[in-house]
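Here is my input; please provide its structure:
(one chain, ligands or ions: 1)
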Amino acid sequence: MVRRRGIYEVNVIGKPLVCLFCEETRFRHREVFVKLTNHEPGVQRKKLTLQSFSCITCAHEMKFEERELNGVSTIEYVQVGD
Ligand SMILES: [Zn+2]
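As a prediction, this is how the structure comes out:
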């Protein structure tokens, strides 16, 4: 598990991430791995890497899959605190 130290403001596909509950815009980051369950025989289970952001005020957590869109990452981090 990878964890970025510090507090971040985050843009997801160019839009600022805002907590749904308290409208906080600062988050702590960690990376989480999710195994997708697959019941098809002979097909390997897929592993998904998600970027998880937890609100520094109410701890609500939001997770996103980071992708590249036209060569640019869909998630942009701006460190705003330690
Ligand atoms: Zn919040």
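
which residues touch the helix or strand bottoming out on mean pLDDT in the chain?
Lowest by mean pLDDT, DSSP states H and E among the helices and strands of the chain is strand 68-69, with a mean of 90. Contacts to strand 68-69, defined as CB atoms under 8 Å, 6 or more residues apart in numbering, come from residues 13, 74. For the C-beta atoms, the positions are set from N, CA and C on the backbone; glycine is no exception.

Quick check: bridge partners of the residue most central in space within the chain?
Ranked by distance to the mean C-alpha position of the chain (CA atoms, centre = their mean), the top residue is Gln51 at 2.5 Å. Beta-bridge partners recorded for Gln51 (DSSP bridges): Glu31, Phe64.

just Lys47 next, same as before
With DSSP bridges as the rule, Lys47 is bridged to Lys35.

picking up where we left off before, sheet partners, orientation included, of the least confident helix or strand of the chain?
Here, using DSSP bridges, strand 68-69 pairs with strand 72-73 (antiparallel).

Show me which residues of the following helix or strand past the partner strand are buried.
Later in the chain than strand 72-73, the nearest helix or strand by DSSP states H and E is strand 75-81. Of all the residues in strand 75-81, those buried under the rule 16 or more other CB atoms under 10 Å are 75, 77.

Could you shift the numbering so residue one becomes 59, and keep it that way?
Sure, I'll start numbering at 59, so the last one becomes strand 133-139.

Can you give the distance of strand 133-139 from its chain's centre?
Once both centres are worked out by CA atoms, centre = their mean, to the nearest Å, strand 133-139 turns out to sit 12 Å from its chain's centre.

So in that sheet, which strands flank it, and in what orientation?
By DSSP bridges, strand 133-139 pairs with strand 65-70 (antiparallel).

just to revisit the earlier point, the residue nearest to the centre of the chain contacts His87, correct?
Yes. The pair Gln109 / His87 is scored as a contact, 6.7 Å apart, by CB atoms under 8 Å.
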